[in-house]
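[1] kindly generate the corresponding structure for this input.
(2 chains)
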Protein chains: 2
Amino acid sequence: MKSQNPPQQSGNNLDPWYSNYAARTAGLAASEVRALFAVASRPEVVSLAGGMPAVSALPQELIIESMNRVMRDQGSVALQYGSGQGVPKLREQILDVMAMEGIKASADDVVVTTGSQHALELVSKLFLDPGDVVLAEGPSYVTAVVIFRSFQAQTHHVAMDEHGMIPESLRENIARLRAEGKTIKFLYTIPSFQNPAGVTLSWERRLEILQIAKDNGILVLEDNPYGLLHFDAPPPPALRSIEQEGVIYLGTFSKTLAPGFRVGWALAPHAIREKLILANEAAVLSPSSFNQLIISEYLDTIDWRAQVDRFRGVYKERKVAMIGALNDYLPSLQWTDPKGGFYVWLTLPPYLDSKQMLPRAVKELVAYTPGTAFYADGNGHSNIRLSFCYPTPEAIRTGIRRLQTVISGETDLVETFSKTGPLGTVRDRNFSAPPPNLN
Amino acid sequence: MKSQNPPQQSGNNLDPWYSNYAARTAGLAASEVRALFAVASRPEVVSLAGGMPAVSALPQELIIESMNRVMRDQGSVALQYGSGQGVPKLREQILDVMAMEGIKASADDVVVTTGSQHALELVSKLFLDPGDVVLAEGPSYVTAVVIFRSFQAQTHHVAMDEHGMIPESLRENIARLRAEGKTIKFLYTIPSFQNPAGVTLSWERRLEILQIAKDNGILVLEDNPYGLLHFDAPPPPALRSIEQEGVIYLGTFSKTLAPGFRVGWALAPHAIREKLILANEAAVLSPSSFNQLIISEYLDTIDWRAQVDRFRGVYKERKVAMIGALNDYLPSLQWTDPKGGFYVWLTLPPYLDSKQMLPRAVKELVAYTPGTAFYADGNGHSNIRLSFCYPTPEAIRTGIRRLQTVISGETDLVETFSKTGPLGTVRDRNFSAPPPNLN
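    From the prediction side, this is the model:
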C-alpha cells in the first residue's frame, strides 16, 4: 500500500519518519488558506469566514447553575469514565430535540459523540475502503470532504440549485459511477440550510432523493446541525423522519447550545449503531461524562426551546443585515438567501478568482472562505462562502462594504489589463447573468 | 479490499448494510466479557476488573470553583470552538507536568486530545496501513490492541519479566518479522506500572530498548498514564526524556485529575505533530475548550502536585490491601507487586482458565479481567488482571476472599474430574512453580 514517492504533504526529507506514514496520510494537507486565517483572526479584521456560533447569546449564569448542580449532585459520575454509547438520560433527551424535526426513534439507537464531527469520522471509518466513493452536494461541508479523503475515498459532487440537491444529477452520478465500476458507500447531505450554500432541500425532493437512494441501495448520511435554526417557517421534516433503515442522522449541541462542550450524536439503524459504539470506544473510550451531564441538566432545567428561539432571532437579524448590505454594496452579484442556518453563498463574476482575491481581502480587513474549499474537484473559484453567524450586524455591513472595495479594485484591474492585453479577453462581464450556479 | 464473506462480527443477514462495511470492521468485535461486565456493575459485586480512578479523592469544591471562574472570566472562549492543537496556556502547563518525569519539550510540540486514547487512535491512523505490524509488550493495553486491529495492523508481543520488556525478545521479534517481510511501524509500550502487568521497565533496559529501536529505525510510542502514581520512589525517567526524535509520548489528565473531562495529549516530533493536528481537526475539529480551560484553571490555582500525592496515598493503601489479601487467601499463586499504578497481574495454576472461570466468579460476586483480553494472539488463559484503583481496601479484601472461593472450587472440580478421567491428566498442580511468566 505504501507509496515509494509519497506526495509532498505526506512528509519531507527533514522528517525522519517520512517513509513510515500510512498511505491515507497522502490526503492529509493543511488548508491553503490556513495561514491567512491566522492573520484574519486579528480583531480589526471582520471575519465572514468561520462558522462560530454566537455563544454570547447564551444565558451564561444558567449554564453555571447547571454545572454546579451536576458537580454537587452527580460529581463522582461526571468526573468518571462513562459508557461508549453515552449517558442514557441524555440520549432520551436527544429524542425530544429530534422530535422537533419529526423524528421518532429509540434512545437505544442514539450514540453520543465528541461533536457530530466525530460521528462523521466514525461512520467514515466504518464504511470507507480505499477507492470507495461518497456522493455529496457540490459544494459540501469542507471537513466532511477532508474526512472522506483521509480514508482514501473520493467525493463526487451532486449538483444543487435553490431547492437543494437535484435528483436528476444524483441519478446521473450513480449511473456513471457504477458504469465506471466504482463502489458508492453513502450519500452525504446537509438537507437544511446547507453548509456552505445556504439552500434547503424541498419536501418533494426529499421524497425523491430518498427513493433514489433506496432504489439503488445507497445509505444516506443526513447531517443536520442547523435544522432548528430557521428564521421563519421550519424546514421540511428531516430525511430520517421519512426513512429509518436507510438513514444515519447526525445531530449536535454545537449550534443550539455551544460547541465548546463537543457533544453531538448519531442516530443509526440498529446494526450500524452497534458498530458505532465499538468504534467510539476504540477512539475515545467514552465521550465526556462531565459535558454530557451538564447538557442533560441544562435541557432538564432551562427552557432550551426558548433559547433556540433566541438564537434564531440573533441569526435572522444578522442574515437580514448581510442580505441588505449585499443589496446595497454588491447589487450586481448573485447570492443565495438562506431561510435559516449560518451561510450565504456568493457568486463572483467569472473573471475573478475567490482564492486569489483572499489576500487582498484580508489586506482590506475582511475575510471569507473561498468556494474551492468546499469542492473535492477544484471547482468553486467563482464562489465565496459568507458567514453571518458570528459578527454583529454592524460588523457584517462593514465587512460587505470592504468586500465591495476589494471586488471593485479587482474588477478595475481586470478591465485595465483586458484593455492592454496581458490577461486576454474578459470572458463575461455581465454581473446579472444566470441564477447562482452552485456547481 | 472488501471480503465477499466478511467474518461474523462484521454484520449479519438481518443487517441490510451487511456487505457495505469497510474491510477494517472485520476486526471490530464486542468483547466477549462485555455482557458479564454489565452484570458485574451491580453494587453487590466487587469489581476488580475496571480501571476507574478514585475520583472521590478529588477536592470537588475546588473543581467547582475552577469551573465557575472559567465561566465568569472566559465563558465566551470556553463555550466556543478552539484550535485543533489545544489551548496554548494548557499546552504550556502540560510541560510542567511532563517535567516531573524528566521531559524537556516545547509547547509547540504538544497536541491536546480527547483523552490519550484519542491520541493513540490518531497516531494509529497516521501510521498504520493494512498488514503493518505494531510491537507491544505481552500482555498489553486491551484498547490499544483493539485500535491497531481496527486499522488492520497486527500486534506482535514482546516478552516481559519483572523488569519490563525483555530487550532480547524485542531483537528477536524485529529480526523474525523482518525476515518474514513484515513492516514494523512502531513499538507501543507502557514503561511504567504497565497495564495490565504492573511492572516497570528498568533504567538499563530503557536505554537498551531505545538503542534497539534507533538501530532499527523503529518509532517508539510511549504511553504513560500512570508514571506520576508511584507509591515510593518514582519510576526511571520517561523514554521521551532520553530520546526526542524517535519517541511519541502520550499523557493524560484522566489519572492525575479525572477521566470525565477526556483531556489527554501527545508530545510528538515536529513533523509528526503537524500531521497529528490535522488528523485531530478532521476527527473532532477541536478538543473541548470548556474542559481544557477548566483543567488549566485547576492547574493554575490548586496545588495539583499535592493532589497527585493524595492519589498516590490512596492507591498505595489499596495496593497494600490487595497484596496482603493475596498473601492471606491465595498464598500459593504468583503475582506481580507493582510500585505504582492500578494493576496486579495474577498467574493461575495452568489447569485453570481465567476466561472460563469468570462467570463463576461473577456468581460469587467478584469480577476481574481475564488475561486473554490483553493479548492479540490468544495467550493469557492462565492470567488475571486485578485492579485495585477503584474499590476500597475492605472491598478489595472481600473480593480476593471471594476469588479464593472460586479458585478453590474450580481446583476441587479439576481434582475430582482428574480422578475420574474426563478432563484428562492435570498437567501441573504446583502452585508455587516458576516466577510469574508474563507471556
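
[2] so for the top helix by length along chain A, what's the average pLDDT?
    Taking DSSP state H as the criterion, chain A has its longest helix at helix A:393-420. Across helix A:393-420, pLDDT averages out at 90.

[3] one more: stretch A:281-294?
    Stretch A:281-294 shows a mean pLDDT of 97.

[4] that one close to chain B?
    Yes. Applying CB under 8 Å from any CB of the partner chain, one finds stretch A:281-294 in contact with chain B at A:281, A:282, A:283, A:284, A:285, A:286, A:287, A:288, A:289, A:290, A:291. Bear in mind the C-beta positions are built from the backbone N, C-alpha and C, glycine included.

[5] now stretch A:251-264
    Yes. Among the residues of stretch A:251-264, A:254, A:258, A:259, A:260, A:261, A:262 lie within reach of chain B under CB under 8 Å from any CB.

[6] residue in the stretch 301-439 of chain A with the shortest distance to chain B?
    Closest to chain B within the stretch 301-439 of chain A is residue A:390: 9.2 Å, counting by CB to the nearest CB.

[7] tell me the contacts of the nearest residue to that residue once chain neighbours are set aside?
    Nearest residue to residue A:390 in three dimensions, chain neighbours excluded: residue A:52, at 4.5 Å (CB to CB, 6 or more residues apart in numbering or on different chains). By CB atoms under 8 Å, 6 or more residues apart in numbering or on different chains, the contact set of residue A:52 is A:259, A:389, A:390, B:80, B:81.

[8] between these, which is nearest residue A:364?
    Closest approach between those and residue A:364, by CB to CB: residue A:390, at 18.7 Å.

[9] am I right that that closest one is in a strand?
    No. Per DSSP: H, G, I helix; E, B strand; the rest coil, residue A:390 lies outside any strand segment and is coil.

[10] burial check on it, number of neighbours?
    22 (other CB atoms under 10 Å in any protein chain shown).

[11] ok, back up a step: out of the contacts of residue A:52, give me the one that has the most neighbours.
    Greatest neighbour count in those, by other CB under 10 Å, goes to residue A:259: 27 neighbours.

[12] look up the closest residue to that one, ignoring the ones flanking it.
    residue B:81 (4.7 Å).

[13] please apply the same query to residue A:105.
    Here the residue nearest residue A:105, using CB to CB, 6+ apart, is residue A:267, at 5.4 Å.

[14] my read: the one you found touches residue A:241, true?
    No. The criterion here is CB atoms under 8 Å, and residue A:267 misses it with residue A:241 at 10.7 Å.

[15] quick one, which of those two is more surrounded?
    residue A:267 (27 against 19).

[16] before we move on, the earlier item: what touches both of residue A:267 and residue A:241?
    Joint contacts of residue A:267 and residue A:241 (CB under 8 Å, 6+ apart) are residue A:103.

[17] if I look at residue A:209, how far off is chain B?
    From residue A:209 across to chain B, the span is 18 Å (CB to the nearest CB, to the nearest Å).

[18] how about the helix or strand that that residue is a member of: buried residues?
    When elements are assigned from DSSP states H and E, residue A:209 belongs to helix A:203-215. For helix A:203-215, a neighbour-count test (16 or more other CB atoms under 10 Å in any protein chain shown) marks A:205, A:206, A:208, A:209, A:210, A:212, A:213 as buried.

[19] how about stretch A:133-141?
    A:133, A:134, A:135, A:136, A:137, A:138, A:139, A:140, A:141.

[20] is the fifth one bridged to anything, and to what?
    Read it as residue A:137. Beta-bridge pairing for residue A:137 (DSSP bridges): residue A:158.

[21] cool, and the first one?
    The bridge-partner assignment for residue A:133, based on DSSP bridges, gives residue A:154, residue A:184.

[22] show me what contacts it?
    A:153, A:154, A:155, A:156, A:177, A:182, A:183, A:184, A:185.

[23] now the second one: how far from chain B?
    With the distance defined as CB to the nearest CB, residue A:154 ends up 14 Å from chain B.

[24] wouldn't that residue be in contact with residue A:131 here?
    Yes. Using CB under 8 Å, residue A:154 is in contact with residue A:131, at 7.4 Å.

[25] name the residue in those two with the higher neighbour count.
    residue A:154 (19 against 12).

[26] just the pLDDT for the more buried one.
    97.

[27] what does residue A:39 give?
    Reading off the model, residue A:39 has pLDDT 73.

[28] what's the neighbour count on it?
    12.

[29] and it, how close does it get to chain B?
    For residue A:39 relative to chain B (CB to the nearest CB), the value is 15 Å.

[30] phi, psi for that residue please.
    phi -60, psi -40 (degrees, to the nearest 10).

[31] ok, now which ones touch residue A:262?
    By CB under 8 Å, 6+ apart, the contact set of residue A:262 is A:114-115, A:118, A:254, A:287-288, A:291, B:114, B:284-288.

[32] now those residues in JSON lines, with neighbour count, distance to residue A:381 and secondary structure?
    Below are those laid out as JSON lines (neighbours: other CB atoms under 10 Å in any protein chain shown; distance: CB to CB, whole Å; DSSP: H, G, I helix; E, B strand; the rest coil):
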{"residue": "A:114", "neighbour count": "30", "distance to residue A:381": "34", "secondary structure": "coil"}
{"residue": "A:115", "neighbour count": "28", "distance to residue A:381": "30", "secondary structure": "helix"}
{"residue": "A:118", "neighbour count": "29", "distance to residue A:381": "31", "secondary structure": "helix"}
{"residue": "A:254", "neighbour count": "25", "distance to residue A:381": "30", "secondary structure": "coil"}
{"residue": "A:287", "neighbour count": "32", "distance to residue A:381": "39", "secondary structure": "coil"}
{"residue": "A:288", "neighbour count": "31", "distance to residue A:381": "40", "secondary structure": "coil"}
{"residue": "A:291", "neighbour count": "28", "distance to residue A:381": "40", "secondary structure": "helix"}
{"residue": "B:114", "neighbour count": "30", "distance to residue A:381": "36", "secondary structure": "coil"}
{"residue": "B:284", "neighbour count": "25", "distance to residue A:381": "30", "secondary structure": "helix"}
{"residue": "B:285", "neighbour count": "21", "distance to residue A:381": "26", "secondary structure": "coil"}
{"residue": "B:286", "neighbour count": "25", "distance to residue A:381": "29", "secondary structure": "coil"}
{"residue": "B:287", "neighbour count": "32", "distance to residue A:381": "34", "secondary structure": "coil"}
{"residue": "B:288", "neighbour count": "31", "distance to residue A:381": "36", "secondary structure": "coil"}
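
[33] could the residues you listed go into a markdown table alongside distance to residue B:409?
    As requested, the contacts of residue A:262 are exported to a markdown table (distance: CB to CB, whole Å):
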| residue | distance to residue B:409 |
| --- | --- |
| A:114 | 44 |
| A:115 | 49 |
| A:118 | 45 |
| A:254 | 53 |
| A:287 | 40 |
| A:288 | 42 |
| A:291 | 44 |
| B:114 | 43 |
| B:284 | 48 |
| B:285 | 53 |
| B:286 | 53 |
| B:287 | 48 |
| B:288 | 47 |
